[in-house]
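**Q** here you go, sequence then predicted model.
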Amino acid sequence: MIISAGYNIAGPEVEAALLAHAAVAGCGVIGVPDETRGQIVKAFVVARLVEIDKAGGESGLAKSIQNLERNAIAPGKIPRAIKFHDSLARGNLQRFRLRAAPSAP
(Lines give C-alpha, C1' and ligand atoms only; values in the text may rest on other atoms or scores of the structure.)
Protein backbone atom coordinates (compact mmCIF):
# COMPACT_ATOMS: atom_id res chain seq x y z
CA MET A 1 0.00 0.00 0.00
CA ILE A 2 1.31 3.40 -0.99
CA ILE A 3 0.24 6.36 1.14
CA SER A 4 0.55 9.61 -0.78
CA ALA A 5 -0.78 12.88 0.66
CA GLY A 6 -3.04 10.89 2.99
CA TYR A 7 -4.56 8.71 0.25
CA ASN A 8 -4.16 4.94 0.14
CA ILE A 9 -3.07 3.76 -3.29
CA ALA A 10 -3.03 0.08 -4.23
CA GLY A 11 -0.11 -0.82 -6.46
CA PRO A 12 -2.00 -3.49 -8.46
CA GLU A 13 -4.68 -0.94 -9.42
CA VAL A 14 -2.07 1.42 -10.89
CA GLU A 15 -0.28 -1.49 -12.59
CA ALA A 16 -3.52 -2.62 -14.24
CA ALA A 17 -4.08 0.88 -15.61
CA LEU A 18 -0.49 1.03 -16.89
CA LEU A 19 -0.83 -2.30 -18.66
CA ALA A 20 -3.79 -0.88 -20.60
CA HIS A 21 -1.34 1.40 -22.46
CA ALA A 22 -0.23 -0.05 -25.80
CA ALA A 23 3.43 0.76 -25.15
CA VAL A 24 3.67 -1.05 -21.80
CA ALA A 25 4.75 -4.68 -21.94
CA GLY A 26 5.18 -5.03 -18.17
CA CYS A 27 5.34 -2.88 -15.06
CA GLY A 28 5.73 -2.69 -11.32
CA VAL A 29 4.73 0.11 -8.94
CA ILE A 30 6.17 1.10 -5.57
CA GLY A 31 6.03 4.09 -3.24
CA VAL A 32 9.17 6.18 -2.80
CA PRO A 33 9.75 8.81 -0.10
CA ASP A 34 8.76 12.39 -0.85
CA GLU A 35 9.13 15.42 1.44
CA THR A 36 5.72 16.97 0.77
CA ARG A 37 3.48 13.95 0.11
CA GLY A 38 5.09 11.28 2.30
CA GLN A 39 5.38 8.96 -0.70
CA ILE A 40 4.92 9.25 -4.43
CA VAL A 41 4.02 6.53 -6.91
CA LYS A 42 7.00 5.34 -8.94
CA ALA A 43 6.48 2.99 -11.88
CA PHE A 44 9.08 0.65 -13.32
CA VAL A 45 8.03 0.04 -16.92
CA VAL A 46 9.12 -2.42 -19.59
CA ALA A 47 8.23 -0.66 -22.83
CA ARG A 48 7.80 -2.01 -26.30
CA LEU A 49 10.71 -0.61 -28.35
CA VAL A 50 8.54 0.28 -31.33
CA GLU A 51 6.38 2.49 -29.11
CA ILE A 52 9.41 4.30 -27.65
CA ASP A 53 10.47 5.36 -31.14
CA LYS A 54 6.94 6.50 -32.04
CA ALA A 55 6.62 8.59 -28.86
CA GLY A 56 9.91 10.41 -29.36
CA GLY A 57 12.08 8.70 -26.76
CA GLU A 58 11.59 7.72 -23.14
CA SER A 59 10.53 11.19 -21.94
CA GLY A 60 7.85 11.39 -24.64
CA LEU A 61 6.62 7.92 -23.76
CA ALA A 62 6.53 8.77 -20.04
CA LYS A 63 4.31 11.78 -20.78
CA SER A 64 2.10 9.64 -23.02
CA ILE A 65 1.68 7.07 -20.24
CA GLN A 66 0.86 9.77 -17.68
CA ASN A 67 -1.72 11.32 -20.01
CA LEU A 68 -3.45 7.97 -20.48
CA GLU A 69 -3.44 7.43 -16.75
CA ARG A 70 -5.37 10.68 -16.25
CA ASN A 71 -8.30 9.06 -18.03
CA ALA A 72 -8.02 5.67 -16.33
CA ILE A 73 -7.45 6.42 -12.62
CA ALA A 74 -7.67 9.24 -10.10
CA PRO A 75 -5.09 12.04 -10.48
CA GLY A 76 -3.41 11.22 -7.15
CA LYS A 77 -2.66 7.70 -8.33
CA ILE A 78 -0.78 8.70 -11.48
CA PRO A 79 2.91 7.72 -11.30
CA ARG A 80 4.95 10.87 -10.76
CA ALA A 81 8.19 9.04 -11.55
CA ILE A 82 8.61 6.52 -14.35
CA LYS A 83 11.77 4.47 -14.83
CA PHE A 84 12.22 2.29 -17.89
CA HIS A 85 13.81 -1.17 -17.67
CA ASP A 86 14.71 -3.80 -20.24
CA SER A 87 12.95 -6.50 -18.23
CA LEU A 88 11.32 -7.25 -14.89
CA ALA A 89 11.14 -10.57 -13.08
CA ARG A 90 8.62 -12.99 -14.54
CA GLY A 91 5.95 -14.56 -12.39
CA ASN A 92 5.18 -12.83 -9.12
CA LEU A 93 6.48 -9.29 -9.03
CA GLN A 94 8.88 -8.86 -6.13
CA ARG A 95 8.45 -5.22 -5.12
CA PHE A 96 11.14 -5.47 -2.45
CA ARG A 97 13.67 -5.92 -5.27
CA LEU A 98 12.40 -2.74 -6.95
CA ARG A 99 12.75 -0.86 -3.65
CA ALA A 100 16.28 -2.20 -3.17
CA ALA A 101 17.40 -1.08 -6.62
CA PRO A 102 20.09 1.60 -6.40
CA SER A 103 17.99 4.06 -8.43
CA ALA A 104 14.71 3.62 -6.48
CA PRO A 105 14.18 7.24 -5.31
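**A** Nice, I can see it. Keep in mind it's a predicted model, so treat the numbers as computed, not measured. Numbering: from 1, shown residues only.

**Q** how about residues contacting the helix or strand containing residue 26?
**A** Using DSSP states H and E, residue 26 falls within strand 24-34. Contact partners of strand 24-34, identified using Cβ atoms under 8 Å, 6 or more residues apart in numbering, comprise 2-4, 9, 11, 14-15, 18-19, 39-48, 65, 79, 81, 87-88, 93, 95, 98-99, 104-105. Glycine gets a C-beta too; all of them are placed from N, C-alpha and C.

**Q** what subset of those is buried?
**A** Neighbour-count burial (16 or more other Cβ atoms under 10 Å) applied to those gives 2, 4, 9, 11, 14-15, 18, 39-45, 47, 65, 79, 88, 93, 98.

**Q** so which of those belong to strands?
**A** Among those, the members found in strands (DSSP state E) are 2, 4, 9, 39, 40, 41, 42, 43, 44, 45, 47.

**Q** mind giving me a markdown table with these and columns for distance to residue 74?
**A** Formatted as a markdown table, these follow (distance: Cβ to Cβ, whole Å):
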| residue | distance to residue 74 |
| --- | --- |
| 2 | 13 |
| 4 | 11 |
| 9 | 9 |
| 39 | 15 |
| 40 | 14 |
| 41 | 11 |
| 42 | 17 |
| 43 | 15 |
| 44 | 21 |
| 45 | 19 |
| 47 | 24 |
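
**Q** got a list of what the residue nearest to residue 87 when sequence neighbours are not counted touches?
**A** Spatial nearest neighbour of residue 87, chain neighbours left out: residue 46 (5.9 Å); criterion: Cβ to Cβ, 6 or more residues apart in numbering. By Cβ under 8 Å, 6+ apart, the contact set of residue 46 is 24, 25, 26, 27, 84, 85, 86, 87, 88.
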